[in-house]
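Visitor: show me the folded form of this:
(one chain, ligands or ions: 1)
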Amino acid sequence: MEPSRKTSSERVPRGPLDPLGTRPPARDKRLHGFSGGRAVCYGLGVSGLLITLEGVEGAGKTSQMMRLERWLRRQGRKVERTREPDGTRLGFAVRRLFERPGVKPEPLVEVFLFMAARQQHVAEKIRPWLSRGRVILCDRYADATVAYQGYGRGVDPDLIRELNVRATSGVLPDLTLLFDLDPAEGFRRIRGRRFDHFEREALAFHRRVRRGYLEIHRAEPKRVRLVHAGREPDAVEAEVRAIVEDFFRGA
Ligand code: Z5A
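Guide: Reported below is the predicted structural model:
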């Protein structure tokens with residue numbers, strides 16, 4: 001069964017802001033015909049859907065993505081699962097960079113690295129899947145850069161939003177599930193793991209990231225739906241299903 005609702009790919013925003021919270025720069029319209037929707041960018045008959053999963057470390061995105069994928073497949077939907085930054089070979093190399101000892105990118109360099117991985121991901125996987133009508137589940141996407149590099153590292157969130165419009169080529173999430181959790185609890189869940197560049201950051205950094213995500217939710221409550229991730233996995237799954245069902249009903 002394929003979703004019949006109108007997707008963001010087919011919508012041209014009426015308000016001053018696009019769904020990532022920024023107005024596309026005027027010259028975009030001239031150069032690329034960009035007006036906030038992927039179908040407009042590429043003239044594709046896009047019928048797929050992009051659902052992104054966001055949240056702090058250990059919030060349960062990955063586990064819930066697997067459950068959601070199984071549930072959607074049982075309904076006969078064609079699902080693809082991916083993640084950022086390592087959804088492509090290039091993105092995997094970006095992720096590996098962050099794990100190298102002694103590599104400490106400047107905040108803006110982090111932004112450019114994630115944007116490079118994102119553009120490659122959109123071109124190589126997301127756009128082709130969308131044009132084949134797939135439901136895509138993506139573990140982290142454009143909001144992660146606003147939350148981590150913007151609110152976490154202090155890079156101007158508006159600059160990040162503007163770069164996101166470019167890096168995604170206007171491919172915006174139709175629905176975002178924000179797994180909200182106290183970062184201290186997230187770290188309790190992942191203790192014992194070898195920590196990467198971000199996981200080694202102080203709790204204060206992760207609290208700013210959480211605040212950033214909550215700001216994004218407040219700015220776009222229709223696209224970004226809050227999941228209370230501190231409960232038992234089955235209860236979290238039930239909430240996710242209810243949100244996704246609601247979304248498919250076009251509510
Ligand atoms: N990053 C960035 O800075 N900017 C960007 O633009 C992008 C990314 C795209 C990716 O690291 C890093 O890149 C990320 C931000 C940065 N780092 N940080 N910080 P990653 O992929 O390694 O990290 P992650 O995406 O946060 O994955 P994660 O730590 O594995 O978290 P999760 O996927 O949300 O959780 P999980 O793997 O499903 O569960 C973690 C553990 O908790 C596991 O043992 C589960 O069994 C357990 N769990 C799950 N749910 C529950 C519940 N409900 N109760 C109890 N225990 C649970």
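
Visitor: hmm, the strand or helix carrying Arg70 in reach of the ligand?
Guide: Assigned by DSSP states H and E, Arg70 belongs to helix 61-74. Yes - part of helix 61-74 sits near the ligand under the criterion CB under 6 Å from any ligand atom, namely 61-63. Just so you know, the C-beta spots here come from the backbone N, C-alpha and C atoms, and that holds for glycine as well.

Visitor: list the buried residues of that helix.
Guide: For helix 61-74, burial by neighbour count (16 or more other CB atoms under 10 Å) applies to 61, 64-65, 67-69, 71-72.

Visitor: how about stretch 132-139?
Guide: Neighbour-count burial for stretch 132-139 flags 134-139 (criterion: 16+ other CB under 10 Å).

Visitor: show me what it is in contact with.
Guide: 2-3, 47-53, 61-62, 65, 68-69, 72, 77-84, 87, 126, 129-130, 173 (CB atoms under 8 Å, 6 or more residues apart in numbering).

Visitor: write out the residues of this structure neighbouring the ligand.
Guide: 55, 57-63, 84-85, 114, 139-140, 144-145, 148-149, 189-190, 198-199, 232-233, 236.

Visitor: tell me how many other residues crowd the residue nearest to Met115 when sequence neighbours are not counted.
Guide: Leaving aside its sequence neighbours, Met115 sits nearest to Ala167 (CB to CB, 6 or more residues apart in numbering; 4.1 Å). By the criterion of other CB atoms under 10 Å, Ala167 has 22 neighbours.

Visitor: wait, Ala167 sits on Tyr141?
Guide: No - if you go by CB atoms under 8 Å, Ala167 and Tyr141 don't touch, sitting 10.1 Å apart.

Visitor: what about stretch 91-101, average pLDDT?
Guide: Regarding stretch 91-101, the rounded mean pLDDT is 93.

Visitor: just the buried residues of it, please?
Guide: Neighbour-count burial for stretch 91-101 [16+ other CB under 10 Å]: 91, 94-95, 98.

Visitor: secondary structure and distance to Leu108 added to these, as a markdown table?
Guide: Output for the buried residues of stretch 91-101, formatted as a markdown table (DSSP: H, G, I helix; E, B strand; the rest coil; distance: CB to CB, whole Å):
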| residue | secondary structure | distance to Leu108 |
| --- | --- | --- |
| Gly91 | helix | 19 |
| Val94 | helix | 15 |
| Arg95 | helix | 18 |
| Phe98 | helix | 15 |
